[in-house]
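Participant: How does the following fold in three dimensions:
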Amino acid sequence: MSLNEFKNMKLLYVEDEADIRKYAMSYFNRLFTKTYEASNALDAFEIFKKQKPEIIVTDIKMSKSSGLEFIKKVRQIDNKCQIIVLSAFLDTKYLLDAISLNLVKYLTKPIKHDELYLALCDCVKNIINQSQKLIYFSKNSYFDRINKNLFFEQKEVKLTPKELSFLELLIDNKNRTINYHEIENHIWYDSVMSENALRILVKKLRKKLPNNTLENVARTGYKINLYK
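Facilitator: Residues are numbered from 1 along each chain as shown. Below you'll find the model as predicted:
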């Protein structure tokens with residue numbers, strides 16, 4: 001697998017032991033352009049909500065928190081995130097609990113680089129397979145999901161972080177209407193969404209897309225119309 005396929009993805013690493021975390025991060029930073037670290041489940045979940053990493057690597061048993069509980073919270077709001085669990089021992093109880101959480105790998109410590117690399121490759125392959133690379137809104141307007149670039153009439157258009165987050169939310173749920181509560185939780189996760197703020201966001205994003213791409217569903221929310 002080409003290392004370039006790692007570069008445009010974000011990884012979050014959760015480990016409570018500082019020395020282990022420092023060593024592992026030096027490895028992850030060689031593969032990924034954007035990496036985040038946390039020493040406990042509480043901080044990890046806040047980082048996850050804010051940065052929305054595609055891949056999580058987490059210890060399952062930490063001194064002050066449970067990696068398993070962290071994963072359960074992630075799965076309540078995201079079913080697509082690729083998760084690798086690390087454990088000092090093979091615990092049947094944890095394994096049984098983890099089965100329903102859609103993990104990519106359950107690796108036992110000490111972790112070998114080749115095992116971890118293969119698990120990360122599986123994560124990247126899953127992400128690529130999950131999403132069609134180019135999402136078309138018209139014949140000449142599309143969104144590159146891997147590189148997160150928007151093109152309108154074949155010219156690249158810059159997106160703000162909120163515009164990108166909103167567009168990806170709609171694309172990920174292209175077959176249904178996203179209600180206002182979901183929009184608020186996904187984009188305004190750390191504040192309250194006002195009607196005016198959403199209206200301005202939609203107005204600005206519509207200017208960067210073909211007509212009728214963003215559709216308002218009365219008293220419900222928004223949906224996206226893709227090119228067929």
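
Participant: Next, the contact list for residue 73, please.
Facilitator: By Cβ atoms under 8 Å, 6 or more residues apart in numbering, the contact list for residue 73 reads 41, 45. Every residue, glycine included, has its C-beta placed from N, CA and C.

Participant: Need the contact partners of the helix ranked longest in the chain.
Facilitator: When the chain is parsed with DSSP state H, its longest helix is helix 113-130. Residues from elsewhere that reach helix 113-130 (Cβ under 8 Å, 6+ apart): 1, 5-6, 9, 27, 31, 54-55, 57, 80, 82, 84, 104-105, 107, 146.

Participant: again with stretch 202-212
Facilitator: Contacts of stretch 202-212 (Cβ under 8 Å, 6+ apart): 137-138, 141, 150, 152, 157, 159-160, 163, 166-167, 213-214, 216, 222, 225.

Participant: mind running it again at 6 Å?
Facilitator: 137, 138, 141, 152, 157, 163, 214, 225 (Cβ atoms under 6 Å, 6 or more residues apart in numbering).

Participant: Which of the residues you listed fall within strands?
Facilitator: Those of those mapping onto strands are 137, 138, 141, 152, 157, 214, per DSSP state E.

Participant: Most neighbours of all these, which one?
Facilitator: residue 137 (24 neighbours; other Cβ atoms under 10 Å).

Participant: I figured that residue hits residue 215, correct?
Facilitator: No: look at residue 137 against residue 215 with Cβ atoms under 6 Å: they stay out of range, at 12.0 Å.

Participant: Give me the domain ranges for the protein.
Facilitator: 4-130, 134-224 (automatic domain parsing).

Participant: Would you map the helices across this protein?
Facilitator: Using DSSP H, the helices found in the chain span residues 4-7, 18-31, 41-51, 67-77, 92-99, 113-130, 161-172, 180-187, 195-206.

Participant: Can you tell me which of these is nearest to residue 61?
Facilitator: helix 67-77 (6.7 Å; Cβ to Cβ).

Participant: Now do the closest one: distance to the chain's middle.
Facilitator: Centre-to-centre, helix 67-77 and its host chain are 13 Å apart (Cα atoms, centre = their mean, to the nearest Å).

Participant: quick one: least confident helix or strand in this protein?
Facilitator: When the helices and strands of the chain are scored by mean pLDDT, DSSP states H and E, helix 92-99 comes last with a mean of 68.
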